[in-house]
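1. Just a sequence and a predicted model for now, questions to come.
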Amino acid sequence: MPTPHDSPTPAAPHASPGLYEVFLRVARLASFTAAARSLGYTQSAVSRQIQTLEDEWGTPLFDRLPRGVRLTEAGRILLPHAEAVGERLRAARAELDALRTLGAGRLRIGSFATADAALLPRTLAAFRARHPAVEVTRTEGLSAGHLALLASGDLDLAVVAATSGEPPRGCTPHHLLDERMYVALPLGHRFAGRADLRLAELADEAWITGGARPEDTLLASALARGFRPREGLFAADWIAKQGFVAAGLGVTLVPALAASSARADLVLVPLRPEDTPRRRVYAATPLGTAPSPAATAFLTLLKEAAAALAS
């Protein structure tokens, strides 16, 4: 049982970092009044905060003198630690300011293949020109995979496509544009000189599709309208699709975002508006969380690039 002269061991202090700023100012100026004036506080407020800190540590930190104050031995021991706290907080403020003003930070983005043809390069070039200190990493793949990475916190923003007519789920979607579709034909094809085409005119063509299930490809909305393509080869890779078409092995759909990067030995003919299986393109950000400053800035530039491409 402790005697009246025993002092219990004080618990580990949980003082607010702001109290250390007050402590340092008082120690530097050797006066509660001068410290209060420099901080814009009242003298009594500074006195209360120092008393709170002393209560937390269980020992006086200043000797109260007729004129001013002086650090006690405990105060002198605490001083370098308080200075270290202050330095760490200043460093944290600097880093957070850099993050907010895009003087630092990171941005993890994902995009599907044809968005990489023009939309993403234009946006990324503009972003790097304005915010060169932000580290940008990019992930390739299908939209479904990007949405999963977004939900797991592994991406900050993804450019995704939706052929169903519905916005993607599990994210916050930001509509960028609706893509018109073209048909890629080999040179010399009987329809190569046409101004536009109907899907019905292409029913007997062999179609180069991105997978064994046409409903999972760019033809999904055309299938919903009753179009039944004659299946040809499957090629997920955009370069391979173009190669097969150029060799006369079939035809394929080319979304507007990829039209500018089509091979010179192909002819692109737009589909008639009433037949066009339009694809909606979105920027997706995590659901229920505010985008980072870098993601917000990138999204603004994405919308600008999308508007320019759409026009």
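-> Arrived safely, thanks for sending.
2. show me where pLDDT drops low in the stretch 51-200 of the chain?
-> 101, 163-165 (pLDDT under 70).
3. switch the cut-off to 80
-> Of all residues in the stretch 51-200 of the chain, those with pLDDT under 80 make up the ranges 91-92, 94-104, 163-166.
4. would you list every one of the strands in it?
-> 62-64, 69-71, 106-111, 135-140, 157-162, 171-179, 181-186 (DSSP state E, counting those that start in this stretch).
5. Over to the stretch 201-311 of the chain?
-> 206-209, 230-234, 252-255, 266-270, 279-286.
6. Just say which of those is most tucked in.
-> Highest mean neighbour count of those: strand 252-255, a mean of 26 (counted as mean count of other C-beta atoms under 10 Å). Every residue, glycine included, has its C-beta placed from N, CA and C.
7. For the nearest residue to Ser31 once chain neighbours are set aside, give its distance to Ala27.
-> Nearest non-adjacent residue to Ser31, counting by C-beta to C-beta, 6 or more residues apart in numbering: Gly68, 4.5 Å away. Gly68 is 11 Å from Ala27, where distance means C-beta to C-beta, to the nearest Å.
8. same deal with Gln49?
-> Taking C-beta to C-beta as the measure, Gln49 and Ala27 are separated by 13 Å.
9. ok, now Gly243?
-> 75 Å.
10. of the two, who's got more company?
-> More crowded of Gly243 and Ala27, by other C-beta atoms under 10 Å: Ala27, with 21 against 16.
11. Contacts for the helix or strand that contains the more buried one next, please.
-> Here Ala27, judged by DSSP states H and E, is contained in helix 17-29. When contacts are defined by C-beta atoms under 8 Å, 6 or more residues apart in numbering, helix 17-29 is touched by residues 32, 35, 38-39, 41, 46, 49-50, 52-53, 56, 61-62, 69, 71, 75, 78-79, 82-83, 85-86, 89.
12. now those residues: which count as buried?
-> 32, 35, 39, 41, 46, 49-50, 53, 56, 61-62, 69, 71, 75, 78-79, 82, 85-86 (16 or more other C-beta atoms under 10 Å).
13. and the residue nearest to Ala45 when sequence neighbours are not counted, what pLDDT?
-> With sequence-adjacent residues excluded and distances taken as C-beta to C-beta, 6+ apart, Ala45 is closest to Ala36, at 6.7 Å. In this model, Ala36 is scored at 93, pLDDT.
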